[in-house]
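Student: Here is the input, now give the coordinates:
(2 chains)
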Protein chains: 2
Amino acid sequence: MQSDNPTAAILVIGDEILSGRTREGNAHHLAGVLSATGFDLREIRVVADDNAQIVAAIRAFDKSLGGAYDLLFTSGGIGPTHDDITADAVAEAHGTRVEIHPEARAILQARCDRMGTELTENRLRMARIPVGAKLIDNAVSGAPGFSIGNTHVMAGVPEVFRGMVAWLIPQIPGGRPVQSDTVLVRRGESDVAEGLKAVAEEFSDLSLGSYPFQDPAGWGTNLVVRGLDAARVAEAMAALKHRLEL
Amino acid sequence: MQSDNPTAAILVIGDEILSGRTREGNAHHLAGVLSATGFDLREIRVVADDNAQIVAAIRAFDKSLGGAYDLLFTSGGIGPTHDDITADAVAEAHGTRVEIHPEARAILQARCDRMGTELTENRLRMARIPVGAKLIDNAVSGAPGFSIGNTHVMAGVPEVFRGMVAWLIPQIPGGRPVQSDTVLVRRGESDVAEGLKAVAEEFSDLSLGSYPFQDPAGWGTNLVVRGLDAARVAEAMAALKHRLEL
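Tutor: Prediction:
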């Protein structure tokens, strides 16, 4: 698909995904948001709570560090426990250090006051932010994320991640949202391959994909046309239906 | 966690994951199988149906090509349509070419005969296998996956992927399965951080993690102990419960 939308990558940080304990859902959520708001997501990477892996991925992705993509979003590893090492790794990748951020501390203090608890040393860990970063609002549980360079660092807890995404994305200039249209055919992929290929060649500025599935009624295939121009997508879908006699 | 189990990566190939259309589930399934059979999954990467991205990832991962991990498993892009480019990319990464594999062709022919359909040119695309590769059985829909070097190439359709995993994994020498134990506490992560850290330091050969969540009853945290020795895991869990007065 031809697009000059900003490119993006997602870095998911957490042993629990790699162990099979947790099924990742944050990347899927953000992928949908990015598609709808005009960002071109090119890669998702899941790594362990491992400093070297996190630093290497940030450097590979963040354009401001010579990486491959305009924007990098991360999920996970910014809580209060010993295995939450994302802030330190992000600081290292960006050539800076973490410090207690006064505004983050104030947010945590206000939350503790409201809940009648102490701002313990462990809670205060969540105010450790790389120097030079801006905070990302967390309406769900207080402890903020942060942005530094082109790296946007968010929490792994799904409700918190979604809240941060909802706050952050409208502040980043996007491009043109992707338009898509889908038709379901009760045929195998092989039977639509030729027609699909012909239409894909005719509409080389769009992306045409086929996604086979199996359900209680047997095999089927979803045919999807994607592009930045709704009229052009509709034109390709009409051509596809004509070609496949739908 | 200390382990000399074989290391592994998963490469998921498909625009539909990056567009947010499809929630990835194959990597989650395989992650659980690998954990249970003694493989140490270190990284998951999702890329587009893009030759350069696929080739780069295979080279980065497959030890036989100088990559970082003992084993690489891929999902997606081996169907009959124009956007199924995985076989070609795997061949390129492994310095070989694709050819019609006689055994794969025979499998597809037998299936067509059974179903009273023709082995069309598009269907035959699914017999295009890198030279030197061994086939991976597909009990669900016929068209095989394949293994070359340390790269194991499987289909993206979940039912087919799972069938291939079930056939393949018992044939690869694994290590010691991961043992894990979980306790759920109705406290925030900050309140267990100190105790968790102390036990993690005492049991540095194990992996201790905390996974906060929010549900209708409020906040809670799952504390997970993982390791290769069940007795050692039980010992650490007992220490953790004692420390947190559970």
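Student: could you pull out the helices for chain A?
Tutor: A:15-18, A:26-37, A:51-61, A:86-93, A:102-115, A:121-124, A:158-168, A:193-202, A:230-243 (DSSP state H).
Student: what about A:V165, distance to A:Q171?
Tutor: According to Cβ to Cβ, to the nearest Å, A:V165 stands 11 Å off from A:Q171. C-beta coordinates here come from the backbone N, C-alpha and C atoms, glycine included.
Student: Which one's more surrounded, those two?
Tutor: When A:V165 and A:Q171 are compared for neighbours, A:V165 comes out ahead with 21 against 10, by other Cβ atoms under 10 Å in any protein chain shown.
Student: Now for the more buried one: which residues touch it?
Tutor: A:29-30, A:33, A:73, A:154 (Cβ atoms under 8 Å, 6 or more residues apart in numbering or on different chains).
Student: So for chain A, the centremost residue is which one?
Tutor: A:L30 (4.0 Å; Cα atoms, centre = their mean).
Student: Please look at that one and A:F73 and confirm they touch.
Tutor: Yes. Contact criterion Cβ atoms under 8 Å: A:L30 and A:F73 qualify, at 6.0 Å.
Student: re the thing from before, from the contacts of A:V165, pick the one nearest A:G79.
Tutor: Distance to A:G79 across these (Cβ to Cβ) is lowest for A:M154, with 11.8 Å.
Student: quick one: contacts for the residue nearest to A:R176 when sequence neighbours are not counted?
Tutor: Leaving aside its sequence neighbours, A:R176 sits nearest to A:L228 (Cβ to Cβ, 6 or more residues apart in numbering or on different chains; 4.5 Å). Residues in contact with A:L228, defined by Cβ under 8 Å, 6+ apart, are A:1-3, A:5, A:175-179.
Student: Try it again at 7 Å.
Tutor: By Cβ atoms under 7 Å, 6 or more residues apart in numbering or on different chains, the contact list for A:L228 reads A:3, A:176, A:178-179.
Student: How about A:F146?
Tutor: A:F146 makes contacts with A:129-130, A:133-136, A:153, as judged by Cβ under 7 Å, 6+ apart.
Student: So what sits opposite it in the bridge?
Tutor: For A:F146, the beta-bridge partners are A:L135, A:V153 (DSSP bridges).
Student: mind giving me the domain split of chain A?
Tutor: Recorded structural domains for chain A (assignment: automatic domain parsing) are A:7-171, A:179-243.
Student: Now tabulate these in a markdown table and tack on mean pLDDT.
Tutor: Output for the domains of chain A, formatted as a markdown table (pLDDT from 0 to 100):
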| stretch | mean pLDDT |
| --- | --- |
| domain A:7-171 | 96 |
| domain A:179-243 | 94 |
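Student: Output stretch A:91-99 as CSV, nothing but the C-alphas.
Tutor: Provided in CSV are the C-alpha atoms of stretch A:91-99 (Å, rounded to 0.1, in the frame of the first residue of the first chain):
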residue,chain,number,x,y,z
ALA,A,91,17.3,6.1,29.7
GLU,A,92,20.3,4.1,28.6
ALA,A,93,19.2,3.9,25.0
HIS,A,94,18.6,7.6,24.9
GLY,A,95,22.0,8.4,26.6
THR,A,96,20.5,9.8,29.8
ARG,A,97,19.8,8.7,33.3
VAL,A,98,16.6,8.3,35.5
GLU,A,99,15.7,10.8,38.2
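Student: residue contacts, the spatially closest residue to A:A89 that is not a sequence neighbour?
Tutor: Computed as Cβ to Cβ, 6+ apart, the closest residue to A:A89 that is not its neighbour in sequence is A:I54, at 3.8 Å. The neighbours of A:I54, taking Cβ under 7 Å, 6+ apart as the test, are A:13, A:47, A:86, A:89.
Student: residues touching A:K134, list them.
Tutor: Per Cβ under 7 Å, 6+ apart, neighbours of A:K134: A:146-147.
Student: how about a cut-off of 10 Å?
Tutor: By Cβ atoms under 10 Å, 6 or more residues apart in numbering or on different chains, the contact list for A:K134 reads A:101, A:103, A:144-148, A:152, A:171.
Student: from these, which would you call buried?
Tutor: Buried by 16 or more other Cβ atoms under 10 Å in any protein chain shown: A:101, A:144-148, A:152, out of the contacts of A:K134.
Student: Can you tell me how far A:V160 is from B:N122?
Tutor: The gap separating A:V160 from B:N122 is 46 Å, by Cβ to Cβ.
Student: ok so, going back, what residues do A:V165 and A:Q171 have in common as contacts?
Tutor: Here A:V165 and A:Q171 have A:136, A:152 as joint contacts, going by Cβ under 10 Å, 6+ apart.
Student: wait, which of the helices of chain A is closest to B:L108?
Tutor: Across the helices of chain A, closest to B:L108 is helix A:193-202 (Cβ to Cβ), at 13.6 Å.
Student: what about that closest one, near chain B?
Tutor: Yes. Counting by Cβ under 10 Å from any Cβ of the partner chain, contacts between helix A:193-202 and chain B involve A:193-201.
Student: Please convert the buried members of those residues into PyMOL selection syntax.
Tutor: A single PyMOL command selects the buried members of the residues of helix A:193-202 next to chain B (16+ other Cβ under 10 Å):
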select buried, chain A and resi 193+194+195+196+197+199+200
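Student: For A:E189, which residues are in contact?
Tutor: Here A:E189 is in contact with A:196, A:210-213, A:219-223, B:79-81, B:84, B:122-123, B:126, B:141, B:143, B:157 (Cβ under 10 Å, 6+ apart).
Student: now these: which count as buried?
Tutor: For the contacts of A:E189, a burial check counting by 16+ other Cβ under 10 Å picks out A:196, A:210-212, A:220-223, B:79-81, B:84, B:122-123, B:126, B:141, B:143, B:157.
Student: May I ask which of the contacts of A:V165 has the most neighbours?
Tutor: Counting neighbours by other Cβ under 10 Å, A:F73 comes out on top of the contacts of A:V165 with 32 neighbours.
Student: Settle this for me: it is touching A:P6, isn't it.
Tutor: No. Judged on Cβ atoms under 10 Å, A:F73 makes no contact with A:P6 at a distance of 11.8 Å.
Student: what's the overlap in contacts for those two?
Tutor: Each of A:34, A:39, A:150, A:172 lies in contact with both A:F73 and A:P6 under the rule Cβ under 10 Å, 6+ apart.
Student: near chain B too, which of those?
Tutor: A:L34.
Student: Throw the shared contacts of A:F73 and A:P6 into CSV and include neighbour count, thanks.
Tutor: Below are those laid out as CSV (neighbours: other Cβ atoms under 10 Å in any protein chain shown):
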residue, neighbour count
A:L34, 28
A:F39, 27
A:N150, 22
A:I172, 18
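Student: so which of the shared contacts of A:F73 and A:P6 comes closest to chain B?
Tutor: Checking those against chain B by Cβ to the nearest Cβ gives A:L34 as the nearest, at 7.2 Å.
Student: Nearest residue to the closest one in space, please, no chain neighbours.
Tutor: Distances taken as Cβ to Cβ, 6+ apart put A:L41 closest to A:L34, at 4.9 Å, once the chain neighbours are dropped.
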